[in-house]
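A.B. asks: Below is the structure, and that's it, no one-letter string:
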């Protein structure tokens, strides 16, 4: 019997119909109930507690994200009644976190997480990795910028 893949499943409403709704995204980025899934060097922020591991998600107003450009946030969708965004933290050193959290490799930790949280973190990691690997246009080499909630990458050269 094949074991189920804990990194995929119908855990999150990806809200594809809202990706082009710039007003919704702007409002969700300011909504205190929205949550952020932070990544640093392809590592997810995890919280250790007495029962094991859990995804460490942060509120949109968290100090780690004050200097991060809005265009780098990726709309993941709705999960557990909240709007979620993935955000990549670009820094040489890991950002300071709470003492019970740290950035860890999801491939090593996924089996210890609740399935729905592992799926959410895998989706966030995949989207951030995809964006990071497509910073330049494959046709003309110009820079690209994310659109549609981070699910589309467009060349900035309008003649391309």
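C.D. replies: Happy to help now that I have it. A quick note: this is a predicted structure, and the numbers were derived from the prediction, not measured.
A.B. asks: What segments of the protein are helices?
C.D. replies: Along the chain, counting by DSSP state H, helices occupy 22-30, 106-109, 115-132.
A.B. asks: Tell me who's in contact with residue 105.
C.D. replies: 42, 43 (CB atoms under 8 Å, 6 or more residues apart in numbering). Heads up, the C-betas are built off the backbone N, CA and C, glycines and all.
A.B. asks: ok so, going back, of the helices of the chain, flag the one that's most buried.
C.D. replies: Compared across these, helix 115-132 shows the largest average neighbour count, a mean of 20 (mean count of other CB atoms under 10 Å).
A.B. asks: hmm, who's touching that one?
C.D. replies: Outside helix 115-132, the residues touching it (CB under 8 Å, 6+ apart) are 4, 6-9, 11-12, 14, 37, 39, 42, 44, 54-55, 72, 74, 76, 79, 84, 86-88, 106, 110-111, 113, 146, 150-151, 153.
A.B. asks: Now, of those, which are buried?
C.D. replies: Buried residues within these, counting neighbours by 16 or more other CB atoms under 10 Å: 6-7, 11-12, 14, 37, 39, 44, 54-55, 72, 74, 76, 79, 84, 86-88, 106, 110, 113, 146, 150-151, 153.
A.B. asks: Quick check: mean pLDDT of stretch 32-48?
C.D. replies: In this model, stretch 32-48 carries a mean pLDDT of 96.
A.B. asks: for that stretch, how far is the first residue from the last?
C.D. replies: Terminal residues of stretch 32-48 lie 24 Å apart, using CA to CA, to the nearest Å.
A.B. asks: Then stretch 13-23?
C.D. replies: End-to-end distance for stretch 13-23, by CA to CA: 19 Å.
A.B. asks: If you count neighbours, what's buried in it?
C.D. replies: By 16+ other CB under 10 Å, the buried positions in stretch 13-23 come out as 14, 15, 18, 19.
A.B. asks: Kindly tell me how buried the closest residue to the last one other than its chain neighbours is, as a neighbour count.
C.D. replies: It refers to residue 19. Leaving aside its chain neighbours, residue 19 sits nearest to residue 149 (3.8 Å; criterion: CB to CB, 6 or more residues apart in numbering). A count of nearby residues for residue 149, using other CB atoms under 10 Å, gives 24.
A.B. asks: next one: residue 81
C.D. replies: Counted with other CB under 10 Å, residue 81 comes out at 6.
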